[in-house]
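S.K.: sharing a model that was predicted from the sequence below.
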Amino acid sequence: MSVRMVILGLLSERPLYGYEIKQIIEEHMGDWTSIAFGSIYFALDKLAAEQFVEKVGVEQEGKRPSRSVYQITERGRAEFMRLLREGWRKFEREYFDVDICLFFLGVLPLDEVKGYLRARRATLQEVLNHIQAHRAEQLAHAEVPRLAGAIFDHSVTHTQAELNWTTDLLEKMETGIYP
């Protein structure tokens, strides 16, 4: 649903071609969405087949490949509004592969697991640092709405919680509380 909602939402602002959509996602949504480049074109084709978007032109610069420009249809606007309302009502519970790994903790040597937890902690700290730096960078631009801070804060809060949990688990393993 998210790739459809993002594309329809972006196209509700103005007509765009696929690469522009990719750039907007990477520059402004990359810290809190995981939309792959290839899925954008797949979704555009599907949305066009469903008559939620339509091609309004083809542009070509020099010898570069041509690019199709898309715009949202009235039917697409209605679908975007439906998806947006559905997204607000939906509660998403996260399930983590690491919890399954914990269930099978006894299969691997404890020192190996501690190594994975140390690596996980370091990665989470890097991610947290990146999100916080990107938040400050993005919010420094006047054209970025202040509400974007809430989106970044959501990612920071979740990442910080994972970092705290991982640190606590590692400490409990290193002091013998677990397993």
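M.R.: Cool, the structure landed.

S.K.: now the helices for the protein?
M.R.: Assigned by DSSP state H, the chain shows helices spanning 2-13, 18-24, 37-49, 74-89, 97-103, 110-139, 148-174.

S.K.: kindly check the end-to-end length of stretch 169-179 for me.
M.R.: In stretch 169-179, first residue to last residue: 10 Å (C-alpha to C-alpha, to the nearest Å).

S.K.: one step back: out of the helices of the chain, which one sits most buried?
M.R.: The highest mean neighbour count among the helices of the chain, using mean count of other C-beta atoms under 10 Å, belongs to helix 2-13: a mean of 18. (Glycine included, C-beta is placed from N, CA and C.)

S.K.: export the helices of the chain to a markdown table and tack on mean pLDDT?
M.R.: Converted to a markdown table, the helices of the chain look like this (pLDDT from 0 to 100):
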| stretch | mean pLDDT |
| --- | --- |
| helix 2-13 | 96 |
| helix 18-24 | 92 |
| helix 37-49 | 93 |
| helix 74-89 | 97 |
| helix 97-103 | 96 |
| helix 110-139 | 96 |
| helix 148-174 | 96 |
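
S.K.: can I get those helices in TSV including distance to residue 62?
M.R.: As requested, the helices of the chain are exported to TSV (distance: least, C-beta to C-beta, whole Å):
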stretch	distance to residue 62
helix 2-13	26
helix 18-24	15
helix 37-49	22
helix 74-89	31
helix 97-103	46
helix 110-139	32
helix 148-174	35
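
S.K.: which one of these lies nearest to residue 66?
M.R.: Among the helices of the chain, helix 18-24 comes nearest to residue 66, with 11.4 Å by C-beta to C-beta.

S.K.: separation between residue 74 and residue 81?
M.R.: The gap separating residue 74 from residue 81 is 11 Å, by C-beta to C-beta, to the nearest Å.

S.K.: how about the helices of the chain, which one is nearest residue 64?
M.R.: Nearest of the helices of the chain (C-beta to C-beta): helix 18-24, 10.3 Å.

S.K.: what does that closest one rub up against?
M.R.: Residues outside helix 18-24 that contact it (C-beta atoms under 8 Å, 6 or more residues apart in numbering): 6, 7, 10, 11, 16, 37, 40, 41, 44, 67, 68, 70.

S.K.: wait, residue 120 touches residue 165, no?
M.R.: No. Assessed by C-beta atoms under 8 Å, residue 120 is found out of contact with residue 165, at 9.9 Å.

S.K.: understood, closing this out.
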